[in-house]
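1. Dropping the sequence and predicted coords here.
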Amino acid sequence: MPATGLRSRSRKTPAGLKGARKAEFPTFIEPCDPSLRQRAPTGDDWAYEIKADGYRVQIHMREGSVTVYSRTGLNWTSKFGFIADAAKRLKVAQAVFDGEAVVYGSTGIPDFQALRRELGSNRGRLRYHAFDLMHLDGYDLRRVAYQERKELLKQVLAVAPEQLIYVGCVQDEGGRVFQHACNMGLEGVVGKRLQSVYRSGRVDDWVKLKCTKSDNFPIVAFVEKLGAHPRRIASLYLGRRKQGRLVYGGKARTGYSEAVARELREQLDPLITNTSPLAEPVNKPKATWVEPALDAEIEYGGLTDDGLLREAVFKGIRDDLRTVPSPSIQPSARPGKSVHVGVPRENILQLLPDAVAPSKEELVRYWRKVGKRALHYLGGRPLKLVRHTHRTTFYHKGKLPPIPDSVHQLRIAKREGGEGVRVWVDDIDGLIGLVAMGAVELHPWAATVDDIERADRLVFDLDPGPGVAWDFVVETAFSLKRILENEGHESWPKLTGGKGLHVMAPIEQRLAHDKARVYCRSLVARLAAAKPNAYTLSALPARRNNRIFLDYLRNGRGTTAVGAYSPRAREGFPVAAPVTWKDIERGVRPDAYTITRPPRRR
């Protein structure tokens with residue numbers, strides 16, 4: 001990020017700066033720590049720096065001697081000898097720098113795991129991102145304004161060795177700078193007031209915005225908390241799919257309350273297996289391996305060069321993405337009912353053993369009747385399919401059956417690597433073509449095929465647990481409607497054809513999927529905070545009794561919710577129906593419409 005925000009001025013000395021004072025050379029200085037924010041502050045008195053993924057490091061130079069300190073004041077000069085040697089070549093007598101030690105990965109951005117492997121070596125990959133200057137040639141600069149310290153730092157590093165890198169700053173609208181950093185795959189940005197001084201500890205004049213990512217990952221193993229009664233997990237090992245194979249994705253150590261850790265342990269118990277489900281072996285002696293039948297929602301800071309999750313935090317179990325159990329733990333089928341004979345296991349994301357599907361003839365008649373209206377909601381969007389074939393109903397994944405000419409194909413880069421195909425339609429013939437593929441339910445992305453990486457609508461699934469009255473679901477929907485209006489969003493309700501209600505909010509300014517998910521979580525968190533006994537943000541079934549699950553997880557790249565006008569594979573063949581807020585006030589029920597009695601809303 002270039003230093004475009006601060007204008008160059010004539011050469012300065014510490015003595016000429018307001019706030020600078022003569023002082024003895026300091027010992028280690030407790031760092032100035034930014035406060036975490038969800039949004040960039042407003043105003044033109046802020047500048048923004050890249051937030052690097054590395055170790056916070058303080059360099060002390062005094063008469064040719066260099067000491068490198070860790071964030072907590074440990075002497076790490078031996079670990080960062082390469083940086084210390086570079087600092088000795090600077091043409092200053094005394095200086096104290098604040099910055100970040102980094103190693104660039106294969107993607108060209110700082111990689112934390114690569115940094116850890118580099119410590120103590122002499123391979124020369126270490127770099128130091130210097131972003132502040134607290135002392136120079138006998139003067140304490142901590143009471144000098146950030147803008148002035150920054151100019152002096154740039155001046156000192158103008159002829160520095162290549163290992164010492166001046167971190168520039170930008171004076172611009174913070175949200176735009178942050179979005180640009182996230183699009184580049186960086187950890188985030190730090191905003192600093194131009195007139196702020198350097199104060200040790202947590203401050204509000206410095207703020208950090210992190211490009212937090214969120215996605216679903218299959219659980220492949222757990223580590224149990226030793227000696228815990230009742231038993232509970234200590235951490236989870238996660239997998240990721242790479243070119244059709246399941247490989248190791250990293251470890252989630254945090255995000256569990258004691259109750260959640262116990263519930264997870266019991267949920268995973270029937271999935272325990274003697275062998276690793278991973279395609280490539282990893283040495284994890286503490287792991288208890290499980291069938292990868294449960295997906296976890298994980299927030300993470302980024303990926304290492306090896307594809308491992310950084311700063312992984314457990315957010316909840318995605319029961320709606322549960323994969324097919326192995327035969328040893330598969331629930332018994334009803335007499336005379338085939339579970340998935342004839343359907344390749346690799347095509348089944350989630351088995352729906354109790355589903356009931358209409359005939360293809362019924363579906364064709366339905367789409368001919370409502371297709372024109374339905375395309376307003378379903379057309380031009382990548383679709384996830386619930387298919388019915390060989391007497392089996394399931395969420396489809398992987399290789400598709402033969403695709404009719406009326407159904408379009410979209411090739412996309414998968415997050416786990418490789419390329420995938422998604423289908424989409426733009427006319428009634430396309431909808432009928434999907435029927436030929438065995439599609440019953442259509443679940444569209446919250447993005448269109450011309451811009452799949454950014455959401456154009458927000459999705460909120462109000463999912464009532466046992467004991468929740470429909471009237472309270474309606475009350476919750478209107479509360480969420482008011483929150484969205486205060487945020488500047490119009491919304492409309494959608495009956496799910498099941499027991500819940502979706503609140504849909506089109507957005508004019510599209511959002512990256514991860515950002516949309518984080519934003520949606522912040523909105524429903526307001527409801528949960530006001531009535532914690534009435535709502536839950538956890539997907540765990542045990543948390544849903546007498547509560548509404550405020551499911552914000554329907555937002556995300558490739559994450560979907562049932563589309564408006566889509567039939568449901570349930571008794572009576574209800575449909576997901578777009579309705580009005582007046583309809584909701586009048587008490588319309590979530591399964592009010594069916595394929596023989598479709599909604600009329602256009």
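-> Thanks, I have it. Only a predicted model underlies this, so the values are computations on that prediction, with no experimental measurement involved. Residues are numbered from 1 along each chain as shown.

2. Excluding its own residues, what touches stretch 390-405? List them.
-> 244, 324, 337-344, 346-353, 355-357, 384-387, 389, 409, 421, 423, 433, 436-438, 440, 569 (Cβ atoms under 8 Å, 6 or more residues apart in numbering). Bear in mind the C-beta positions are built from the backbone N, C-alpha and C, glycine included.

3. which residue is nearest the centroid of the chain?
-> Geometric centre of the chain, nearest residue: Ser214, 1.6 Å, by Cα atoms, centre = their mean.

4. so where's the stretch 1-150 of the chain uncertain?
-> 1-11, 113, 120-123 (pLDDT under 70).

5. ok so, going back, pretty sure the residue nearest to the centre of the chain is touching Ala516, no?
-> No - contact criterion Cβ atoms under 8 Å: Ser214 and Ala516 do not qualify, at 9.9 Å.

6. Need the overlap of contacts for those two.
-> Common neighbours of Ser214 and Ala516 (Cβ under 8 Å, 6+ apart) are Gly556.

7. Any stretches of the stretch 401-550 of the chain with poor pLDDT?
-> Residue ranges of the stretch 401-550 of the chain with pLDDT under 70: 415-418.

8. can you give me the strands in it?
-> 408-413, 419-424, 439-444, 454-464, 492-495, 501-512, 535-536, 548-551 (DSSP state E, counting those that start in this stretch).

9. Make a markdown table out of those and add mean neighbour count and distance to Leu141.
-> Shown next, in a markdown table, are these (neighbours: other Cβ atoms under 10 Å; distance: least, Cβ to Cβ, whole Å):
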| stretch | mean neighbour count | distance to Leu141 |
| --- | --- | --- |
| strand 408-413 | 13 | 47 |
| strand 419-424 | 17 | 52 |
| strand 439-444 | 24 | 56 |
| strand 454-464 | 23 | 42 |
| strand 492-495 | 22 | 56 |
| strand 501-512 | 18 | 38 |
| strand 535-536 | 22 | 49 |
| strand 548-551 | 25 | 48 |
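
10. would TSV of these with distance to Ser78 be doable?
-> What follows is these, written out as TSV (distance: least, Cβ to Cβ, whole Å):
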stretch	distance to Ser78
strand 408-413	42
strand 419-424	46
strand 439-444	55
strand 454-464	46
strand 492-495	61
strand 501-512	41
strand 535-536	49
strand 548-551	50
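
11. do you know which of those strands lies nearest Arg199?
-> Minimum separation from Arg199 across the strands of the stretch 401-550 of the chain (Cβ to Cβ) falls at strand 501-512, 33.4 Å.

12. For that closest one, name the packing helices and strands.
-> Here strand 501-512 touches helix 174-183, strand 454-464, helix 470-486, strand 492-495, going by 3 or more Cβ pairs under 8 Å, 6 or more residues apart in numbering; DSSP states H and E.

13. Just checking: what are the partner strands of that strand?
-> strand 454-464 (antiparallel), strand 492-495 (antiparallel) (DSSP bridges).

14. Please produce TSV containing the ones you listed, extended by distance to Lys79.
-> Output for these, formatted as TSV (distance: least, Cβ to Cβ, whole Å):
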stretch	distance to Lys79
strand 454-464	41
strand 492-495	56
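
15. Out of those strands, which gets nearest to Leu523?
-> strand 454-464 (7.7 Å).

16. and Arg318, how many neighbours?
-> 20 (other Cβ atoms under 10 Å).

17. Which residue ranges of the stretch 1-150 of the chain form strands?
-> Secondary structure of the stretch 1-150 of the chain (DSSP E, counting those that start in this stretch): strands at 21-22, 32-36, 46-51, 55-62, 65-69, 94-103, 126-136, 139-140.

18. possible to save these as a markdown table with distance to Ser78 and mean neighbour count?
-> Formatted as a markdown table, these follow (distance: least, Cβ to Cβ, whole Å; neighbours: other Cβ atoms under 10 Å):
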| stretch | distance to Ser78 | mean neighbour count |
| --- | --- | --- |
| strand 21-22 | 32 | 12 |
| strand 32-36 | 26 | 16 |
| strand 46-51 | 27 | 25 |
| strand 55-62 | 13 | 20 |
| strand 65-69 | 9 | 18 |
| strand 94-103 | 13 | 23 |
| strand 126-136 | 13 | 24 |
| strand 139-140 | 28 | 20 |
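
19. Among those strands, which comes closest to Leu294?
-> That would be strand 32-36 among those, by Cβ to Cβ, at 29.7 Å.

20. Adjacent strands (with direction) for that closest one?
-> Strand 32-36 pairs in its sheet with strand 201-210 (parallel), by DSSP bridges.

21. Counting by contacts, list what the helix or strand following the partner strand packs against.
-> Downstream of strand 201-210, the first helix or strand assigned by DSSP states H and E is strand 213-224. Packing contacts for strand 213-224, counted by 3+ Cβ pairs under 8 Å, 6+ apart, involve strand 233-242, strand 245-252, helix 258-268, strand 288-289, strand 295-300, helix 513-530.

22. Would you mind listing the outside residues contacting the shortest one?
-> When contacts are taken as Cβ under 8 Å, 6+ apart, the neighbours of strand 288-289 outside the stretch itself are 220-224, 268, 272-277.

23. Distance to Val364 added to the helices and strands packed on strand 501-512, as TSV?
-> Shown next, in TSV, are the helices and strands packed on strand 501-512 (distance: least, Cβ to Cβ, whole Å):
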stretch	distance to Val364
helix 174-183	43
strand 454-464	28
helix 470-486	33
strand 492-495	23
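
24. out of the ones you listed, nearest to Asn545?
-> strand 454-464 (10.6 Å).

25. Figure out how far the closest one is from the centre of its chain.
-> Relative to its chain's centre, strand 454-464 lies at 15 Å (Cα atoms, centre = their mean, to the nearest Å).

26. what angle sits between it and helix 513-530?
-> Computed by axes from the mean of the first three to the mean of the last three Cα atoms, to 10 degrees, the angle separating strand 454-464 from helix 513-530 equals 30 degrees.

27. what is the orientation angle of strand 454-464 with strand 439-444?
-> 120 degrees.

28. and the angle for strand 454-464 with helix 470-486?
-> Interaxial angle of strand 454-464 relative to helix 470-486 (the same axes, to 10 degrees): 150 degrees.

29. what is the mean pLDDT for the helix or strand encompassing Arg365?
-> Taking DSSP H and E as the definition, Arg365 sits inside helix 360-378. Averaging pLDDT along helix 360-378 gives 95.

30. Run the chain-centre distance for the helix or strand just after that helix.
-> Counting by DSSP H and E, the next helix or strand C-terminal to helix 360-378 is strand 383-389. Taking Cα atoms, centre = their mean, one finds strand 383-389 lying 26 Å from the centre of the chain it belongs to.
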